[in-house]
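Peer 1: how would this look folded up:
(chains A and B)
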Amino acid sequence: MARGPPTIPSIAFDGLGATREFYKTIFDRNSIDGRGLRLDGYVHRGRDYNNAFWDGREMVFGDGDGRIFTDFTKSLDVIGHELTHGVTEFTAGLEYHNQSGALNESMSDVFGSLVKQWSLNQAAAEADWLIGAEVFTPGVEADALRSMKAPGKAYDNDTFGKDPQPDHMSKFVHLPDTDEGDNGGVHINSGIPNKAFYLTATDIGGFAWEAPGHIWYEALKASSAETDFQQFADTTFAKAGALYGSGSAEQQAVQKAWREVGIRISGMMLTAGGAGRGRAALAAGREADSLAALAKQIETLSAQVSTLVKDVGALKKKG
Amino acid sequence: MKVTLAKHGGQAAALNLGRPPRMVDADTLSPAAAGELARLVAAAKAAPVAQEQKPNRGGDVMSYTITVEDGDRPTVLKQSDTGMSAAFDALRSWLERHSADK
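Peer 2: From the prediction side, this is the model:
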């Protein structure tokens, strides 16, 4: 059967499928919850609806108003972005305000961009690092909703003004933690960790979903609801050391990237062995203690089982 | 009657941050359009607010503030994508199409 031109539902369906396939192939993650959660997407939401969102259970796409925005399913990175909110919800649970919220947004931009790059088989150096480049109507003078490569330069026109995203901690935008303040600027200050990932990926080179993506994914899983920029940076440094070796090119790239956006890896993370000290190593130490205790318990239980087997054997002989 | 629409959050949060609320002045509308606006406003005011499906823990959910200036005291209606009445959404959509930057 011949396939007709792609429809909005089919584009959305393909985008959800590509995102699911990305997480399975690259991170061996079975859907956004890791347990095969069915992905539901709703298109054609309302009228003149200029948005796409994840409501905690499903994705919702608007068609845009046709003047400034077109339908949001056209952007694979936006689809990946929204589904990644689900991944974040099932992993770190980063609270959607202030720095943790900006990290939440950044994780969605990072992995949304990686879904697009992976689908196009693009190396980091080839990617455009734009989020939502396809959602504007042709007459709008804007590169995209956001630029990970150059936060603050996605657009500058009479309609929107200048892109307010910062690319460095010195330009952090302090907004109230209210709806009017974008919950402390979660869509604004995400520019800083976005830039850190872009720098890490282009410094390491190759495909961004490989080493950089794995470092960020492991750091996301190791984060928690209130993780802030400094803590996340430290965790990426620790994970880079754990995955690729202390002092490796990957770890150095991570450290350099964060430094370039104004965040220095915490001193105790940088002591000899990098990943051998600091919060990550302390956690690893506690884990090792737990494992040793567990091994001791298993040894004790095994001895008890051996004794029971002997006793049963003896009873059988008597019987 | 003047009605303004302010939008918060969402994928276009950064773009909306730099834009003033959108406004419609009923005095500048045709009688038919003014009547339609009045009907939509009345319906939005009267509609029970839908219960939020879950707290906004993320995911680019937008919220909207519609302010109706008609008489002495303005009426402020505020709802979000995950807890919006059909009447509020109809008014929001109409304002998107008919309003200009304030």
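Peer 1: where in chain B is pLDDT low?
Peer 2: B:50-58, B:100-102 (pLDDT under 70).
Peer 1: tell me the helices in it, going along the chain?
Peer 2: B:13-17, B:31-46, B:86-98 (DSSP state H).
Peer 1: Show me what the last one is in contact with.
Peer 2: Applying C-beta atoms under 8 Å, 6 or more residues apart in numbering or on different chains, the contact partners of helix B:86-98 are A:46-50, A:65, B:3, B:5, B:22, B:24, B:29, B:33, B:36-37, B:40-41, B:43-44, B:46-47, B:49, B:64, B:66, B:77, B:79, B:84. From N, CA and C alone the C-beta is placed, and that goes for glycine too.
Peer 1: Just say which of the helices of chain B is most tucked in.
Peer 2: Among these, helix B:13-17 has the highest mean neighbour count (mean count of other C-beta atoms under 10 Å in any protein chain shown), at a mean of 24.
Peer 1: tell me what that one is packed against?
Peer 2: helix A:182-185 (3 or more C-beta pairs under 8 Å, 6 or more residues apart in numbering or on different chains; DSSP states H and E).
Peer 1: and the helix it packs on, how far from the chain's centre?
Peer 2: What separates the centre of helix A:182-185 from the centre of its chain is 19 Å, taken as C-alpha atoms, centre = their mean, to the nearest Å.
Peer 1: from what I can see A:N189 touches A:K171, true?
Peer 2: No. If you go by C-beta atoms under 8 Å, A:N189 and A:K171 don't touch, sitting 9.1 Å apart.
Peer 1: tell me how far the ends of stretch A:145-163 are from each other?
Peer 2: 9 Å (C-alpha to C-alpha, to the nearest Å).
Peer 1: And that stretch, what's buried?
Peer 2: For stretch A:145-163, burial by neighbour count (16 or more other C-beta atoms under 10 Å in any protein chain shown) applies to A:145-155, A:160, A:163.
Peer 1: The helices of chain B into CSV, with extra columns for distance to A:I26?
Peer 2: Output for these, formatted as CSV (distance: least, C-beta to C-beta, whole Å):
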stretch, distance to A:I26
helix B:13-17, 28
helix B:31-46, 45
helix B:86-98, 38
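Peer 1: Spatially nearest residue to A:S224 (excluding sequence neighbours)?
Peer 2: A:A92 (5.8 Å; C-beta to C-beta, 6 or more residues apart in numbering or on different chains).
Peer 1: looking at it, that neighbour is touching A:E226, isn't it?
Peer 2: No. Under the criterion of C-beta under 8 Å, A:A92 makes no contact with A:E226, lying 9.7 Å away.
Peer 1: who's more crowded, these two?
Peer 2: A direct count of neighbours by other C-beta atoms under 10 Å in any protein chain shown for A:A92 and A:E226 places A:A92 higher, at 23 against 14.
Peer 1: Show me the residue of the stretch 1-150 of chain A that gets nearest to chain B, please.
Peer 2: Closest residue of the stretch 1-150 of chain A to chain B, C-beta to the nearest C-beta: A:W54 (3.3 Å).
Peer 1: Skip the chain neighbours and tell me the closest residue to that residue.
Peer 2: Closest to A:W54 by C-beta to C-beta, 6+ apart is B:G59, at 3.3 Å.
Peer 1: Tally up the residues packed near that neighbour, please.
Peer 2: 29.
Peer 1: how about it, what does it touch?
Peer 2: Applying C-beta under 8 Å, 6+ apart, the residues near B:G59 are A:53-56, A:82, A:85-86, A:89, A:96.
Peer 1: What distance do you get for it to A:N104?
Peer 2: 9 Å (C-beta to C-beta, to the nearest Å).
Peer 1: likewise A:A211?
Peer 2: 23 Å.
Peer 1: Tell me who's in contact with A:I11.
Peer 2: A:73-74.
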